[in-house]
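**Q** Structure for this input, please:
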Amino acid sequence: MDKSSGQFKTIDEYLSSWPKDVRSRLQAIREAVKEEVPEAEEAIRYQMPTFRLDGNLVFFAAFKNHIGFYPLPSAMEEFREELSHYKTGKGSIQFPMDEPLPLPLIRKIVRFRVEETKRKGRA
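**A** Numbering: from 1, shown residues only. Below you'll find the predicted structure:
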């Protein structure tokens, strides 16, 4: 699918629009999330790969120089120290393309978001 059309329907379509090296990084994130929360639904939201579990859990996307990972502001606060190496925003993290992905940290963030979602569901 052509990225310029901006109408991805599946994560597979999104991934296939990127060169192999970028696609492999995106796939590594996808697999890490799926392993941590196999019951999560895959979706496309805001034209980004998204995992949903009683609402949006995490988003991720590729850009020219980084992979964006979007775990929502609560996770950003929870992992502030561990994320200090990365460029961050209110609810976003930029993982540079020229560095290894911090998959153990991504997994921890996903587990935090799952627990947070479950707590909100019980409230």
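**Q** And the helix or strand hosting residue 58, what does it pack against?
**A** In this structure, residue 58 sits in strand 56-62 according to DSSP states H and E. Judged by 3 or more C-beta pairs under 8 Å, 6 or more residues apart in numbering; DSSP states H and E, the packing partners of strand 56-62 are helix 20-36, strand 48-52, strand 66-70, helix 103-122. (Glycine included, C-beta is placed from N, CA and C.)
**Q** let's see it at 10 Å
**A** Counting contacts by 3 or more C-beta pairs under 10 Å, 6 or more residues apart in numbering; DSSP states H and E, strand 56-62 packs against helix 11-16, helix 20-36, strand 41-45, strand 48-52, strand 66-70, helix 103-122.
**Q** Report the angle between the lowest-mean-pLDDT helix or strand in the chain and strand 48-52.
**A** Least confident helix or strand, the chain: helix 103-122 with a mean of 91, by mean pLDDT, DSSP states H and E. Here the directions of helix 103-122 and strand 48-52 differ by 50 degrees (axes from the mean of the first three to the mean of the last three C-alpha atoms, to 10 degrees).
**Q** Please point out which parts of helix 103-122 sit buried.
**A** 105, 106, 107, 108, 109, 110, 112, 113, 114, 116, 117 (16 or more other C-beta atoms under 10 Å).
**Q** Pass me the low-pLDDT residue ranges in the chain, would you?
**A** The chain contains residues with pLDDT under 70 at 1-6, 121-123.
**Q** Point to the residue nearest the middle of it.
**A** Central residue of the chain (C-alpha atoms, centre = their mean): residue 60, 3.3 Å from the mean position.
**Q** Tell me who's in contact with it.
**A** Residues near residue 60 by C-beta atoms under 10 Å, 6 or more residues apart in numbering: 11, 14, 25-26, 29-30, 33, 48-51, 67-71, 93, 95, 106.
**Q** rerun at 6 Å
**A** By C-beta atoms under 6 Å, 6 or more residues apart in numbering, the contact list for residue 60 reads 29, 49, 69.
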